[in-house]
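>>> Predicted model and sequence follow; I will ask about them next.
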Amino acid sequence: MGTASTMACVTAALGMMPLRGASAPAVSSARLRIAEETGANAVAVAKAGRKPQEILSKESFLNAITVLQAIGGSTNAVVHLLAIANRHPDLQGVITLQTFEEIGQKTPLLIDLKPSGDNYMDDFHNAGGMMALLQVLRPLLHLSAKTISGQTLGEVLDASQSKLSFTQHIIRPLSDPLYPSSSLAVLRGNLAPNGAVIKASASKYRSLLTHCGPAVAFENSADLAQRIDDPDLPVTKDSVLVLKGIGPIGNPGMPEAGLIPIPKKLAAVGVKDMLRLSDGRMSGTAGGTIILHISPEAAIPDSPFGVVETGDMITCDIESRRLHLNVSDDVLRARISQRKQLLEGETGPVQARKQRRGYRGLYERSVNQAHEGTDFDFLAAGGAIN
């Protein structure tokens, strides 16, 4: 379930596109019919003067997040949905990272697709796609939510119910899910005070979801590239790989670099998964026990994630949703204070960002953190939300 396919499903769940359009293959003749339906919707919306802000509601977003959890979708959808919600004057601060956690706890993973399962997007489409999934999810959905067609979601589903058929090993019933709940989970702790995200259902070694191990820290992607395959790297299969500096500001744009590779010397002996942490993003097609979007990112002077050192013990506990750096509060405060002085000094990166001109300077000074949507803060409904 890549990010593009995820966002198509999420957009359909928001009520903003035809349901069939979420999964139809690009080469499918169905695309022509979907295009016609989309055009008809566009004309109707223009005639009626309906705006996205009038269609989208809290219930629309709750439905979209329910679908995201049920499909085991890309973690990128979390930041995208938060950015959209925070631009909506009625939803800013209403849909938060915690909303994803609360919905996840009561939503099972129903779609058997990689990386959480075994199948592909065209299998999902052939099994009935979004229409079949939403029929299964009906008890968990807000059926009164509006859609771009002018109907409510419930009316859309009622109109198609008699023609529904689906393959149950691709789209599971609620009574037989692929994963019981929270395919995407939100972790917090002294290492991620504002939260972090993990696609727990994509973990290859589920024992790593509750794990404590020593950190092997990389300061940025260049440091990672230089040292990850060093035969003398102090790493074992129980280590926790930590990649800093790839967040919204640290590597401007927050690249999909969170899929930290398994060190060559461990891969050579058959290690396929390790607990990995970063403040960046990851492709929706990637699997593994990988914690992403750690907030505040390492580029923020008072970020606890920024002071992780090789050898520090890190605890991940999926049951308690805890991500913890096992150092004393005094040590953590001292490290942050020392690093803050360096970063905010006259020759430090914070001053450089303040003085940088052009679009990059605007971006670095104005982008908000992952738990707020990684969007320009001045585009939020109420202006800056920091």
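All right, it came through fine.
>>> from here on, contacts and neighbour counts on C-alpha atoms
Fine.
>>> How about Pro231: what's its closest non-neighbour residue?
In space, and not counting its chain neighbours, Pro231 is closest to Lys265: 6.3 Å by C-alpha to C-alpha, 6 or more residues apart in numbering.
>>> residues touching the closest residue to Leu141 other than its chain neighbours, list them.
Nearest in space to Leu141, with sequence neighbours left out and distances taken as C-alpha to C-alpha, 6+ apart, is Asn63 at 5.6 Å. Neighbouring residues of Asn63 by C-alpha atoms under 8 Å, 6 or more residues apart in numbering: Ala13, Leu14, Leu141, His142.
>>> Do I have it right that Met282 meets His293?
No. Assessed by C-alpha atoms under 8 Å, Met282 is found out of contact with His293, at 9.2 Å.
>>> Neighbour count for those two, which is higher?
His293 (32 against 24; other C-alpha atoms under 10 Å).
>>> Was I right to think that one contacts Gly373?
No. Assessed by C-alpha under 8 Å, His293 is found out of contact with Gly373, at 10.1 Å.
>>> Tell me which other helices or strands the lengthiest helix in the chain touches.
Using DSSP state H, we find that the single longest helix of the chain is helix 30-48. Where contact means 3 or more C-alpha pairs under 8 Å, 6 or more residues apart in numbering; DSSP states H and E, helix 30-48 is not packed against any helix or strand.
>>> what comes up buried for it?
Using 16 or more other C-alpha atoms under 10 Å as the test for burial, helix 30-48 gives Arg31, Ile34, Glu37, Thr38, Asn41, Ala42, Val45.
>>> Same check on stretch 224-239?
For stretch 224-239, by 16+ other C-alpha under 10 Å, it's Leu224, Ile228, Asp229, Val235, Thr236, Lys237, Ser239.
>>> One more: stretch 321-339?
Arg321, Arg322, Leu323, His324, Leu325, Asn326, Leu332, Arg335, Ile336, Arg339.
>>> what about that stretch, distance to the chain center?
25 Å (C-alpha atoms, centre = their mean, to the nearest Å).
>>> end to end, how far does it reach?
27 Å (C-alpha to C-alpha, to the nearest Å).
>>> which residues make contact with it from outside it?
For stretch 321-339, the surrounding residues in contact (C-alpha under 8 Å, 6+ apart) are 185-192, 301-304, 307-308, 312-317.
>>> Show me the strands in this structure, by range?
Using DSSP state E, the strands of the chain run over 184-189, 192-199, 210-218, 240-243, 275-278, 290-292, 313-317, 322-325.
>>> State the mean pLDDT of the first one.
This means strand 184-189. Mean per-residue pLDDT for strand 184-189: 98.
>>> packing partners for that strand?
helix 97-104, strand 192-199, strand 322-325.
>>> switch the cut-off to 6 Å
strand 192-199, strand 322-325 (3 or more C-alpha pairs under 6 Å, 6 or more residues apart in numbering; DSSP states H and E).
>>> Tell me which residues touch Thr285, please.
Neighbour list for Thr285: Met1, Gly2, Pro115 [criterion: C-alpha atoms under 6 Å, 6 or more residues apart in numbering].
>>> Can you give me the end-to-end span of stretch 6-24?
Per C-alpha to C-alpha, the first residue of stretch 6-24 is 13 Å away from its last.
>>> where does the chain dip in pLDDT?
Within the chain, the stretches with pLDDT under 70 are 161-167, 384-386.
>>> so how far does stretch 255-269 reach from one end to the other?
29 Å.
>>> Can you list the buried residues in it?
Pro255, Ala257, Gly258, Leu259, Ile260, Pro261, Ile262, Pro263, Lys265, Leu266.
>>> Pick the one among these closest to Leu56.
Nearest to Leu56, judged by C-alpha to C-alpha, of those is Pro255 at 28.5 Å.
>>> related to what we said a few turns ago, I'd like the buried residues of helix 30-48 as JSON lines, with distance to Glu364 appended.
As requested, the buried residues of helix 30-48 are exported to JSON lines (distance: C-alpha to C-alpha, whole Å):
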{"residue": "Arg31", "distance to Glu364": "39"}
{"residue": "Ile34", "distance to Glu364": "39"}
{"residue": "Glu37", "distance to Glu364": "40"}
{"residue": "Thr38", "distance to Glu364": "37"}
{"residue": "Asn41", "distance to Glu364": "38"}
{"residue": "Ala42", "distance to Glu364": "36"}
{"residue": "Val45", "distance to Glu364": "37"}
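>>> Okay then, goodbye and thanks.
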